[in-house]
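Asks: can't give you the sequence, but here's the structure:
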């Protein structure tokens, strides 16, 4: 701009206008920027004995150099024709802080900002433009909306439970998703600005575009259907894996039983052969051995009677011990329930005299697990096995019968096993 020497009258008039402007700086920051620019361009600050516009503004109005620079930049960016006292109509409802934050935004991105936009959302948009977004998180608009509902489960629940919206009723849907009327969401390659009347979508490296709430609702329904189908597929896969595990356990158990039967048959055959061999050897020994001395009938009677008396005494003693023990067990014998309750399994050492409230069965354990997400089913399975590890052996777990009992057991709505009384 061509330098024009400011006359004294011109300067006095400009100075009066500056004074009036800074009396209400909140409303007149665009005008302030304009007159600061005029003063700087025409070197009016020299009239006050200053060497720069910053020195003059600090001396006359206690403004920092950075504030002066922002006022002048705001006027340059947002005033009519870029050099006037009047703010462009599209920015009239914006605050000075919003306009300051928008200075570093390209013109195309400024259309994403409305008067109700939070200052922090504008800052997040500037950061989004500067940093390289993470790929694979939300590479298309459907993934973006899916991630939004994953991170806002309560909104997803409300949307899923609401009746379907018509295009004329879409405002009700917008109020569920955007109850405050103004929010932003950033994920992967996308940045969203949500308002009451529209949504503005910006993909990294591209100009933003407007989206209606009706479009957003259509994409939402598609995403919810996809998520439900994925959940059904996961649950079906878990059920198949459980059924396969059961079949494997049954086959293993059958193989063990067949192997045990073969071993028993082999052992029995071996025992029979051993008995025959022993009998044959005994017969040969009898033929070769000298005749034994015959025992007199009287002597045999005495030895037999002594043996029979000893056996009867032992039987009598056993009977007396059993009678004395009765329901209480053998006197002096330790009982784990009474003497060592800390080592007693829960099903044996339950508090006597107390009873838990009766819980109604909800479903079989397998059906209960199939109704859960994979992570929940896995956590439930791990917790259930922790509770049983103190009462079962590894060999029991290798048998099909154990797993059949485990998966068919009835549980309540919280997955706790219903014990038969």
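Replies: Okay, I see it. What you are looking at is a predicted structure, and each value in this text was computed from that prediction instead of being measured.
Asks: Tell me, please, the helix or strand in the chain that averages the lowest pLDDT.
Replies: Least confident helix or strand of the chain, by mean pLDDT, DSSP states H and E, is helix 297-325 with a mean of 42.
Asks: which regions of the stretch 1-150 of the chain lie under the pLDDT threshold?
Replies: 1-4, 21-27 (pLDDT under 70).
Asks: All the helices of it, residue numbers only.
Replies: For the stretch 1-150 of the chain, helices defined by DSSP state H, counting those that start in this stretch occupy the ranges 8-23, 25-41, 53-61, 65-78, 96-102, 107-110, 119-130, 141-151.
Asks: Same list, the ones you listed, but as TSV with mean neighbour count please.
Replies: Using the backbone N, CA and C atoms, a C-beta is placed for each residue, glycine as well. Converted to TSV, the helices of the stretch 1-150 of the chain look like this (neighbours: other C-beta atoms under 10 Å):
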stretch	mean neighbour count
helix 8-23	14
helix 25-41	20
helix 53-61	19
helix 65-78	19
helix 96-102	19
helix 107-110	15
helix 119-130	15
helix 141-151	18
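Asks: Throw the ones you listed into a markdown table and include distance to residue 224, thanks.
Replies: Listed next are the helices of the stretch 1-150 of the chain as a markdown table, based on distance: least, C-beta to C-beta, whole Å:
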| stretch | distance to residue 224 |
| --- | --- |
| helix 8-23 | 55 |
| helix 25-41 | 46 |
| helix 53-61 | 57 |
| helix 65-78 | 42 |
| helix 96-102 | 35 |
| helix 107-110 | 31 |
| helix 119-130 | 27 |
| helix 141-151 | 8 |
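Asks: Out of these, flag the one nearest residue 175.
Replies: Proximity to residue 175 (C-beta to C-beta) singles out helix 141-151 among the helices of the stretch 1-150 of the chain, at 16.0 Å.
Asks: So which other helices or strands are in contact with the closest one?
Replies: Other elements packing on helix 141-151 under the criterion 3 or more C-beta pairs under 8 Å, 6 or more residues apart in numbering; DSSP states H and E are helix 153-161, strand 182-187, strand 190-195, helix 213-288.
Asks: mind running it again at 6 Å?
Replies: strand 182-187, helix 213-288 (3 or more C-beta pairs under 6 Å, 6 or more residues apart in numbering; DSSP states H and E).
Asks: Now for the nearest residue to residue 6 once chain neighbours are set aside, how many residues are close by?
Replies: Spatially, and ignoring its direct neighbours in sequence, residue 6 is nearest to residue 42 (4.3 Å; C-beta to C-beta, 6 or more residues apart in numbering). Counted with other C-beta atoms under 10 Å, the neighbours of residue 42 add up to 19.
Asks: Now do the same for the helix or strand containing residue 403: mean pLDDT, whole number.
Replies: Here residue 403, judged by DSSP states H and E, is contained in helix 400-408. Helix 400-408 shows a mean pLDDT of 84.
Asks: ok, back up a step: can I assume the residue nearest to residue 6 is in contact with residue 5?
Replies: No. Between residue 42 and residue 5 there is no contact under C-beta atoms under 6 Å: 7.3 Å.
Asks: how close does residue 214 sit to residue 161?
Replies: 20 Å (C-beta to C-beta, to the nearest Å).
Asks: Looking at these two, which is more packed in?
Replies: In terms of neighbours (other C-beta under 10 Å), residue 214 is the more surrounded of residue 214 and residue 161; the figures are 14 against 8.
Asks: Who are the contact partners of the more buried one?
Replies: 167, 170 (C-beta atoms under 6 Å, 6 or more residues apart in numbering).
Asks: what does the model give it for pLDDT?
Replies: In this model, residue 214 carries a pLDDT of 96.
Asks: do residue 396 as well
Replies: Residue 396 carries a pLDDT value of 78.
Asks: Measure how buried it is and give me the count.
Replies: For residue 396, the neighbour count with other C-beta under 10 Å is 12.
Asks: now swap in the one 10 residues further on and tell me
Replies: Taking other C-beta under 10 Å as the neighbour definition, residue 406 ends up with a count of 18.
Asks: ok, now the one 10 residues further on?
Replies: Around residue 416 sit 13 other residues, with neighbours defined as other C-beta under 10 Å.
Asks: Next, it: phi, psi?
Replies: phi -80, psi 140 (degrees, to the nearest 10).
Asks: Look up how far residue 246 lies from it.
Replies: Distance of residue 416 to residue 246, computed by C-beta to C-beta: 22 Å.
Asks: In this structure residue 170 contacts residue 212, no?
Replies: No. Using C-beta under 6 Å, residue 170 is not in contact with residue 212; the gap is 7.9 Å.
Asks: sorry, back to before: lowest-confidence stretch among the helices and strands packed on helix 141-151?
Replies: helix 213-288 (a mean of 70).
Asks: show me what contacts residue 370?
Replies: So residue 370 contacts 235, 239 (C-beta under 6 Å, 6+ apart).
Asks: How about residue 203?
Replies: Residue 203 sits next to 189-190 when contact means C-beta under 6 Å, 6+ apart.
Asks: So what sits opposite it in the bridge?
Replies: In this entry, residue 203 is beta-bridged to residue 190, by DSSP bridges.
Asks: Looking at it now. What's its pLDDT?
Replies: Reported pLDDT for residue 203: 95.
Asks: quick one: it and residue 121, what's the gap?
Replies: For residue 203, the distance to residue 121 equals 17 Å [C-beta to C-beta].
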